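let's see this in three dimensions:
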Amino acid sequence: MVKRRLKENPLLQDSVLEIYINTQIERLLVMRNVNGMGSYYGGPQVALMAKMFGTQFIKHMAKVLGPSVYTDDPKWTLDDGQFETGQRCGICLAPGGTPESYKINVSRALNMGR
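A predicted model of the protein is given here:
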């Protein structure tokens, strides 16, 4: 069902591509920090990317998977409740700091002020 929707709708293909690109950006930022190449703002930068993309990720996934993500009927559901878990994580912006606080940390580390 999802494959057919993707083939027929280029806007959904754009959403899948957006998800892929942003997850690769986040993966590369994490790899940079793990390899010791990230500066002292690397951690807040990755956290900011994750928080900012989390809300977009949920929007794109709901668009791609369609209305079946909102039901728990075994006949129509696609993911056994995994979307709901992701949705709750995606909208949870404040734990560990808000995106604005991470922006301030990164800008101060780069000597840019607020």
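
and the gap between Met49 and Leu28?
Met49 is 10 Å from Leu28, where distance means C-beta to C-beta, to the nearest Å. Heads up, the C-betas are built off the backbone N, CA and C, glycines and all.

give me the common contacts of those two.
Shared contacts of Met49 and Leu28 (C-beta atoms under 8 Å, 6 or more residues apart in numbering): none.

of these two, who's got more company?
The residue with more neighbours, out of Met49 and Leu28, is Met49; 17 against 11, by other C-beta atoms under 10 Å.

contact partners for that one?
Applying C-beta under 8 Å, 6+ apart, we find Met49 in contact with 22, 25-26, 29.

mind listing what's buried in the helix or strand hosting it?
Following DSSP states H and E, one finds Met49 within helix 42-65. Residues of helix 42-65 classed as buried by neighbour count (16 or more other C-beta atoms under 10 Å): 42-54, 57-58, 60-65.

average pLDDT across that helix?
Helix 42-65 carries an average pLDDT of 81.

equivalent analysis for stretch 17-27, please.
The pLDDT scores in stretch 17-27 average 90.

number the residues from 40 up from this point.
From this message on, residue numbering opens at 40, which makes the last subject stretch 56-66.

export that stretch as PDB, just CAs?
Extracted in PDB, the C-alpha atoms of stretch 56-66 (Å, rounded to 0.1, in the frame of the first residue of the first chain):
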ATOM      1  CA  LEU A  56      14.100  12.200   0.400                       C
ATOM      2  CA  GLU A  57      13.900  14.900   3.000                       C
ATOM      3  CA  ILE A  58      13.900  12.300   5.800                       C
ATOM      4  CA  TYR A  59      16.900  10.500   4.200                       C
ATOM      5  CA  ILE A  60      18.900  13.700   3.700                       C
ATOM      6  CA  ASN A  61      18.400  14.900   7.300                       C
ATOM      7  CA  THR A  62      19.100  11.600   8.900                       C
ATOM      8  CA  GLN A  63      22.400  11.500   6.900                       C
ATOM      9  CA  ILE A  64      23.300  15.000   8.100                       C
ATOM     10  CA  GLU A  65      22.600  14.000  11.700                       C
ATOM     11  CA  ARG A  66      24.600  10.700  11.200                       C
END
